[in-house]
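Peer 1: kindly return the folded structure for what I paste below:
(chains A and B)
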Protein chains: 2
Amino acid sequence: MSNKDNRFGLAVAQMGPVQLAEDRTTVVRRLLEMMREAAARGAKMVVFPELALTTFFPRYWMEDQAEVDARFFEAEMPGPQTRPLFELAARLRIGFYLGYGELTPDGHHYNTAILVDETARIVARYRKIHLPGHSDHKPDAPFQHLEKKYFEVGNDGFGVTDMLGTRIGQCLCNDRRWPETYRVMSLQSARIVTLGYNTPSWNIHWNEPPHLRMFHHLLSLQANAYQNGLWVAAAAKCGFEDGFHMIGGSAIVAPSGEIVAQAQGEEDEVIFASCDLQLGETFLQHVFNFAKHRRPEHYRLIVERTGAGAPLAPSELST
Amino acid sequence: MSNKDNRFGLAVAQMGPVQLAEDRTTVVRRLLEMMREAAARGAKMVVFPELALTTFFPRYWMEDQAEVDARFFEAEMPGPQTRPLFELAARLRIGFYLGYGELTPDGHHYNTAILVDETARIVARYRKIHLPGHSDHKPDAPFQHLEKKYFEVGNDGFGVTDMLGTRIGQCLCNDRRWPETYRVMSLQSARIVTLGYNTPSWNIHWNEPPHLRMFHHLLSLQANAYQNGLWVAAAAKCGFEDGFHMIGGSAIVAPSGEIVAQAQGEEDEVIFASCDLQLGETFLQHVFNFAKHRRPEHYRLIVERTGAGAPLAPSELST
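Peer 2: Next comes the predicted model:
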């Protein structure tokens, strides 16, 4: 069923670690190099990680917000240090996804990603919705996971954007574990879901076997790609950042749930796939023909409850 | 974190094929034998397949509804031929899940499953919601998939029942591919999801590589067990029924997403796991703490749309 017209060159640029002391100029230089490699392979777009410009700073408890803002947040996009990314994208006619800490003019903080088209125009912005971790200081933990301290919950929903001849959605890191994320985007006919992540190899809450972290990451991508008939492109920042290890496993997953490209290490690495956008249609016309098979009258609880509660009677469960 | 008090002996009784010519008495004898084996291993309950009492008849186009009713549907449960299952369950003090074609007194047809407790009382009934396939005759197809002809869409929702000291939900076959199924049950604090299935090895709609059928089956169980912090117990009817092959792969999946027991062949086979019910709590208190992390204000589309549509603006996406 595939033909060349349906092919979409998709690249994921995994990043090795960014140390606390590194500056944006050095980081952007690495991103530019990977953007060039992606374009040379024939990519229409390249997906960079979450918070790609800095170390994964939510691992640190910091009290001086002005310093946090200056070191870890972008007050403008592009700004002086990130403008080269936009300039190169326009020159190479390649789109990109980039994650960064967003500081708005009125002082709000979001864990944000943007989609930039092949003319270097920002065509969509996503602000992370499923913030993991905590907001309080846990001095006994080996490191912090303070996304609930440094960021507000995103207020834009899970949007989908027409771009580069297809429909692309965005999410970030922990969002990938929640099936609602992908479903809201597939209900808007997304064909590709892009996401960046920083995933510590250790769980600060319990003694989780670390191999499960990689397994859960890939399992979530694969199942949700399959169940929504779409491509998933996931970019890690990984390796040891100042002694704190994060998983790699950047991957491009087909609507069949199969991993068609996966990073091999924990360094900067571009992976690429020539994605058959028709493959998803095949699933969406048959087993996952939403219009024919979905039954939202029985899904009410998904929006009516936040936390889990007691069982309900049939008359309370469905419309 | 596990201790013996949290252990729940869970068995899945996979069935080899049931040929069109076989009668219920022969089939029930096989189920009784597996129930005995499950109880002997220490199971508190045993999960039987979907439409366990007959061949997977939706593969046949049949026009004489009276004959269909008589051959493939149960007008009472227990009835004369199924009563031995209930009697043995009470004697062995074992609960069970059983799938069958339900004909109601007022003439409705459902693809149904029941939960029966260790006193042989029916404590819950589930009528299949995600009916796959079609309702029209497709004479050019190698076989039919007429669930939309023979059954009505279930009207009871995805219920959860207090039973055997825990909370158990039910679904059937194709339901397992839809993340909404499990989420509605985890929002009612289900700790175990039971399901039976009959899954043809070939897709009548397109040339799907048959190995993907098994992959998608296991992928769906594993991801949804993980993403909802619950156990999944899945029982196949499999092998060649009158020349039509169905996948096996009966499995018990932990809330870690790991397969802890899996059937080895395509015959009658009991698999068993001593399930640590505390394992799910660990996930549900941290990464999947629903009350802390879920954001239903951004999930509206899941209930507001059935089929996929155009992208929406942020203001239309969220509450």
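
Peer 1: the nearest residue to residue A:238 once chain neighbours are set aside: neighbouring residues, count only.
Peer 2: Spatial nearest neighbour of residue A:238, excluding adjacent residues (C-beta to C-beta, 6 or more residues apart in numbering or on different chains): residue A:248 at 3.9 Å. All C-beta atoms are positioned from the backbone trio N, CA, C, and that covers glycine. By the measure other C-beta atoms under 10 Å in any protein chain shown, the count of residues near residue A:248 is 23.

Peer 1: and residue A:248, backbone torsions?
Peer 2: phi -90, psi -120 (degrees, to the nearest 10).

Peer 1: ok, now how distant is it from residue A:231?
Peer 2: 20 Å (C-beta to C-beta, to the nearest Å).

Peer 1: sorry, back to before: show me what contacts the residue nearest to residue A:238?
Peer 2: For residue A:248, the contact set (C-beta atoms under 8 Å, 6 or more residues apart in numbering or on different chains) comprises A:14, A:236, A:238, A:239, A:263, A:265, A:266.

Peer 1: same question for residue A:215.
Peer 2: Going by C-beta under 8 Å, 6+ apart, residue A:215 touches B:257, B:258.

Peer 1: where's it, which helix or strand?
Peer 2: helix A:211-228 (DSSP states H and E).

Peer 1: and that helix, which residues are buried?
Peer 2: Using 16 or more other C-beta atoms under 10 Å in any protein chain shown as the test for burial, helix A:211-228 gives A:213, A:215-228.

Peer 1: pLDDT averaged over that helix - what is it?
Peer 2: In this model, helix A:211-228 has an average pLDDT of 98.

Peer 1: enumerate the residues of the stretch 51-200 of chain A near chain B.
Peer 2: Residues of the stretch 51-200 of chain A found near chain B, taking C-beta under 8 Å from any C-beta of the partner chain as the criterion, are A:129-132, A:153-162, A:167, A:174, A:177-180, A:183-184, A:186-189.

Peer 1: let's see it at 10 Å
Peer 2: Residues of the stretch 51-200 of chain A found near chain B, taking C-beta under 10 Å from any C-beta of the partner chain as the criterion, are A:124-127, A:129-134, A:148, A:153-162, A:167-169, A:174-175, A:177-190.

Peer 1: which of the residues you listed are buried?
Peer 2: Looks like those have A:124-127, A:129-134, A:148, A:153-154, A:156-161, A:167-169, A:174-175, A:177-190 buried, using 16+ other C-beta under 10 Å.

Peer 1: so which of those are in helices?
Peer 2: A:148, A:179, A:180, A:181, A:182, A:183, A:184, A:185, A:186 (DSSP state H).

Peer 1: output those as a markdown table; include the columns pLDDT.
Peer 2: Formatted as a markdown table, those follow (pLDDT from 0 to 100):
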| residue | pLDDT |
| --- | --- |
| A:148 | 97 |
| A:179 | 98 |
| A:180 | 98 |
| A:181 | 98 |
| A:182 | 98 |
| A:183 | 98 |
| A:184 | 98 |
| A:185 | 98 |
| A:186 | 98 |
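
Peer 1: which one of these is nearest chain B?
Peer 2: residue A:179 (3.6 Å; C-beta to the nearest C-beta).

Peer 1: wait, that closest one sits on residue A:221?
Peer 2: No - counting by C-beta atoms under 10 Å, residue A:179 does not reach residue A:221; the two are 11.7 Å apart.

Peer 1: now do the shared contacts for these two.
Peer 2: Here residue A:179 and residue A:221 have residue B:223 as joint contacts, going by C-beta atoms under 10 Å, 6 or more residues apart in numbering or on different chains.

Peer 1: distance of the residue nearest to residue A:238 from residue A:69?
Peer 2: From residue A:248 to residue A:69 the distance is 29 Å (C-beta to C-beta).

Peer 1: buried set for the one helix or strand in chain A whose mean pLDDT sits lowest?
Peer 2: Ranking every helix and strand in chain A by mean pLDDT, DSSP states H and E puts helix A:314-317 at the bottom, with a mean of 91. By neighbour count on 16+ other C-beta under 10 Å, the buried set for helix A:314-317 is A:314, A:317.
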